[in-house]
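>>> Below is the structure, and that's it, no one-letter string:
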């Protein structure tokens, strides 16, 4: 079994573009996927998620996901702090 690779969104867009080039030349999906080193199910999953994106769009998406994760952590920390202050104010410590 092949090892699992973590491709960046930019790499995924490039691989999809390469697959599409091969498909335009008449290769089947299976052969195009084999040529770029991915499985057919991976191709279809990536195509559903990233089709039509440019490399810059994928890079921006990655940055937004990272920023969103940071913001979620900040909100969770603030909520936890508010909960602790309420408990202290009630005298339950």
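Here it is on my side, so go on. Predicted model only: the values in this text are computed from it and were never measured.
>>> pretty sure residue 30 is touching residue 42, no?
No: checked against Cβ atoms under 8 Å, the pair residue 30 and residue 42 is beyond contact range at 11.9 Å. Any C-beta I mention is one placed from the backbone N, CA and C, and that applies to glycine too.
>>> Between those two, tell me which one has more neighbours.
Higher neighbour count among residue 30 and residue 42: residue 42, with 16 against 11, using other Cβ atoms under 10 Å.
>>> Compute the distance between the more buried one and residue 85, please.
47 Å (Cβ to Cβ, to the nearest Å).
>>> who does the longest helix along the chain touch, helix- and strand-wise?
Ranked by number of residues, the top helix in the chain under DSSP state H is helix 55-90. The contact analysis (3 or more Cβ pairs under 8 Å, 6 or more residues apart in numbering; DSSP states H and E) places helix 55-90 against helix 9-24.
>>> What residues sit buried inside the helix it packs on?
In terms of neighbour count (16 or more other Cβ atoms under 10 Å), helix 9-24 has its buried residues at 9-10, 12-13, 15-16, 19, 22.
>>> moving C-terminal of that helix, what's the next helix or strand?
Moving toward the C-terminus from helix 9-24, the next helix or strand (DSSP states H and E) is helix 29-36.
>>> by contact count, what packs against the next helix or strand after that following helix?
Remark: after helix 29-36, the chain's next helix or strand is helix 40-50, criterion DSSP H and E. Secondary-structure packing of helix 40-50 (3+ Cβ pairs under 8 Å, 6+ apart): helix 9-24, helix 29-36.
>>> and helix 40-50, which residues are buried?
42-43, 46, 50.
>>> Might you calculate how far that helix sits from the centre of the chain?
Its chain's C-alpha centre lies 12 Å from the corresponding centre of helix 40-50 when counted by Cα atoms, centre = their mean, to the nearest Å.
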